[in-house]
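Trainee: Test case, fold it:
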Amino acid sequence: MKYSIKRQMMLVFTGMVVSMMLVFLVINGRFLERYYILDRQSEFIKIYSMLKDGVESGGLYEGELDGELARMSEKNNISIVLIDQEYNTVYTNVRDRESMVNQLWGYLFNRNNREVLKETEEYDINKSMDPRNHTEYIEMWGQFGNGSIFLLRSPLESIREAVDLFNRFISWVGMAVIALSLFLAWYFSKRLTDPLKELAELSQKMADLDFDARYTSGGGNEIGVLGQSFNQMSKKLEQTISDLKKANYKLQKDIEQKEHMESMRKEFLGNVSHELKTPIALIQGYAEGLKEGVNDDPESREFYCDVIMDEAGKMNRMVKNLLTLNQMEFGEDEVQFGRFDVTMLIRGVLQSLEILISQKGAKIIFREEEPVVVWADEYKVEQVVRNYVSNALNHVDGEKIIEIKVVKKEDEARISVFNTGKPIPAEDVERIWDKFYKVDKARTREYGGNGIGLSIVKAIMDSFHKEYGVNNYDNGVEFWFDLDMK
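Mentor: Residues are numbered from 1 along each chain as shown. Below you'll find the model as predicted:
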């Protein structure tokens, strides 16, 4: 990211360190010499006081102050020369005293080029250049009451060399500090930005209505508290969207119900009367035959009873399916949206139909192993799968293979049930979803079908507002439907 917090933190921390190093080098180069000169002046004044006390008390001539004065001058790198009124050297701590004496004569006869730093009645403090060695010094010279004159000198070159050396040292140390600051800035910014990046990804997933994502970095700081708030918000949003889906579904069904209720009632009554006509006629005919004793042998009576019971059973199943379909079409069966694993649901349906599969001698192929989580009404999806598989078992032929697939595509999952056998005639493909429509009436009658199963599938998928359909192949038929994975 161009404007990432990590990059900004690294630039800020590194910039602060570099700026501080530069400021420190500038201050050291420009003001250390001035500070050194002020410090030398205070040391000069201390040594001057010791010389003055020694001259006035006579202790300097007797050597009483020699040791202490030597230690102090050596500590501060100060050269001393004291000349009496007869121009004899009374005290010095340097071997090359001739240079200092000549410098003193220059001050006495005002021949030195100098920069006056401080001037009093008793002494002057100057900054001057020694022409012999071309070295710049800070110097104090003056005259005591007994006529003795003195000169104190300290070179400025030493402090300049120290400044240069210190600047070089700081430069090397600064590079190490900059490298260390870069590493520390990267490390701490990473610890700060990684949870923020996780929160950003989490918010994007929530925007895409993926509520499985959770903040996992933890922590008791403000970011950790924010992450826990995101997790709670994700749970509440999931529940809210589920409620909204239910409310939206109910609203759509109310509108549709008002528009189609009357026509559906008429169609329902017409279809029921038509479908019940045949089984009622059969039951009535066989019951009258039993009553009139058409056949007195036990086998015939048992056959008549079996026909009556079989037709009654078919009527019972048809009425149950019609009631289920009626509830769906009239919006009286509320859809309970939720998230579930459709792979596990399919395996449950296949397990419940094992006996029927074995009787048909069919081979089931279902290779899906991974969970596929979808958003729908789990009970109604089970009805769709069960109808598709039952339909496939009733029409399977040839190799007697039934293959079930779950194919994920973007935000949807497509569930398909294929069976080998005869394809559906092209003119019947569009009508198989109609109530009571039968492609092969003889075969449908054989297994007790009433043409309602696919109508129930249609009603369920319409209530989900999802796609469904059928595909013909040379060796069989495939029924399919789509479900949301979000």
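
Trainee: Nearest residue to residue 97 in space, please, no chain neighbours.
Mentor: residue 81 (5.5 Å; CB to CB, 6 or more residues apart in numbering). Where C-beta positions appear, they are placed from N, C-alpha and C, glycine not excepted.

Trainee: Surely the one you found is within a strand?
Mentor: Yes: under DSSP: H, G, I helix; E, B strand; the rest coil, residue 81 falls within a strand.

Trainee: confidence score at it?
Mentor: pLDDT recorded at residue 81 is 87.

Trainee: same question, residue 113
Mentor: 72.

Trainee: what's the neighbour count on it?
Mentor: Here the count is done by other CB atoms under 10 Å, and residue 113 has 9 residues near it.

Trainee: for it, what are its contacts?
Mentor: 128-129 (CB atoms under 8 Å, 6 or more residues apart in numbering).

Trainee: Distance of the residue nearest to residue 97 relative to residue 87?
Mentor: From residue 81 over to residue 87 the distance is 12 Å, taken as CB to CB, to the nearest Å.

Trainee: who has more neighbours, these two?
Mentor: Higher neighbour count among residue 81 and residue 87: residue 81, with 23 against 10, using other CB under 10 Å.

Trainee: so the more buried one sits right up against residue 150, yeah?
Mentor: Yes: between residue 81 and residue 150 there is a contact under CB atoms under 8 Å: 6.8 Å.

Trainee: name the element residue 229 belongs to?
Mentor: helix 222-292 (DSSP states H and E).

Trainee: I should have written residue 308 there, sorry.
Mentor: Per DSSP H and E: helix 298-329 holds residue 308.

Trainee: Dig out what residue 139 forms beta bridges with.
Mentor: Taking DSSP bridges as the rule, residue 139 bridges to residue 126, residue 153.

Trainee: For it, grab the count of nearby residues.
Mentor: Residue 139 has 25 neighbours, counted by other CB under 10 Å.

Trainee: Now do it, the pLDDT please.
Mentor: At residue 139, pLDDT is 88.

Trainee: if I look at it, how far off is residue 120?
Mentor: From residue 139 over to residue 120 the distance is 14 Å, taken as CB to CB.

Trainee: swap in residue 162?
Mentor: According to CB to CB, residue 162 and residue 120 sit 29 Å apart.

Trainee: Neighbour count for the two, which is higher?
Mentor: The neighbour comparison of residue 162 against residue 120 (other CB under 10 Å) goes to residue 162, with 14 against 9.

Trainee: gap between the more buried one and residue 35?
Mentor: 12 Å.

Trainee: With residue 479 instead?
Mentor: 94 Å.

Trainee: So the two - more neighbours on which side?
Mentor: residue 479 (23 against 12).

Trainee: Need the three-state assignment for the more buried one.
Mentor: Under three-state DSSP, the three-state class of residue 479 is strand.

Trainee: Please tell me I have it right and it contacts residue 415.
Mentor: No: applying CB under 8 Å as the test, residue 479 and residue 415 come out as separate, 9.3 Å apart.

Trainee: looking at this protein, which helix or strand is least sure?
Mentor: Each helix and strand of the chain was given a mean pLDDT (mean pLDDT, DSSP states H and E); the minimum falls on helix 441-447 at a mean of 45.

Trainee: After that helix, which helix or strand is next?
Mentor: Sequence order places helix 453-464 as the next helix or strand after helix 441-447, per DSSP H and E.

Trainee: pLDDT weak spots in the stretch 51-200 of the chain?
Mentor: 59-66, 111-112, 159-160, 163, 192-193, 196, 200 (pLDDT under 70).

Trainee: where along it do the helices fall?
Mentor: Along the stretch 51-200 of the chain, the segments classed as helices by DSSP state H, counting those that start in this stretch run 59-62, 66-75, 97-108, 157-207.

Trainee: How far away from the center of its chain is the last one?
Mentor: Which is helix 157-207. 24 Å (CA atoms, centre = their mean, to the nearest Å).

Trainee: which strands and helices sit next to it?
Mentor: Contacts defined by 3 or more CB pairs under 8 Å, 6 or more residues apart in numbering; DSSP states H and E place helix 157-207 against helix 5-57, helix 222-292.

Trainee: averaging pLDDT over each of these, which comes out lowest?
Mentor: Comparing mean pLDDT across those, the weakest is helix 222-292, with a mean of 72.

Trainee: returning to what we had before: which of the helices of the stretch 51-200 of the chain sits most buried?
Mentor: Ranked by mean neighbour count, these are led by helix 97-108 with a mean of 17 (mean count of other CB atoms under 10 Å).

Trainee: residue contacts, residue 363?
Mentor: For residue 363, the contact set (CB under 8 Å, 6+ apart) comprises 399-402.

Trainee: Looking at these, spot the one nearest residue 47.
Mentor: Closest approach to residue 47 among those (CB to CB): residue 402, at 112.5 Å.

Trainee: how near is that closest one to residue 485?
Mentor: Per CB to CB, residue 402 is found 24 Å from residue 485.

Trainee: Which one of the two is surrounded by more residues?
Mentor: Between residue 402 and residue 485, residue 402 has the larger neighbour count (other CB under 10 Å), namely 24 against 17.

Trainee: For the chain, identify the residue most remote from the centre.
Mentor: Seen from the C-alpha centroid of the chain, the residue lying at the greatest distance (CA atoms, centre = their mean) is residue 86, 91.2 Å away.

Trainee: burial count for the residue nearest to residue 305 when sequence neighbours are not counted?
Mentor: Distance criterion CB to CB, 6+ apart; nearest residue to residue 305, sequence neighbours excluded, is residue 290 at 7.5 Å. By other CB under 10 Å, the residues close to residue 290 number 15.

Trainee: Do I have it right that residue 290 meets residue 306?
Mentor: No: in this structure, residue 290 is not within contact of residue 306 by CB under 8 Å, at 11.6 Å.

Trainee: distance between stretch 73-93 and the chain's centre?
Mentor: Offset of stretch 73-93 from its chain centre (CA atoms, centre = their mean): 77 Å.

Trainee: Now tell me what touches that stretch from outside.
Mentor: Outside of stretch 73-93, the residues within contact range by CB under 8 Å, 6+ apart are 40, 43-44, 47, 51, 55, 60-61, 66, 69-70, 72, 94, 97, 100-101, 104, 146-155, 158.

Trainee: Can you mark which positions in it are buried?
Mentor: With burial defined by 16 or more other CB atoms under 10 Å, the residues of stretch 73-93 counted as buried are 73, 76, 78-84, 90-92.

Trainee: out of those residues, who's nearest residue 297?
Mentor: Checking the buried residues of stretch 73-93 against residue 297 by CB to CB gives residue 76 as the nearest, at 143.8 Å.

Trainee: Next up, phi/psi of the closest one, please.
Mentor: The phi and psi values for residue 76, taken as degrees, to the nearest 10, are phi -100, psi 10.
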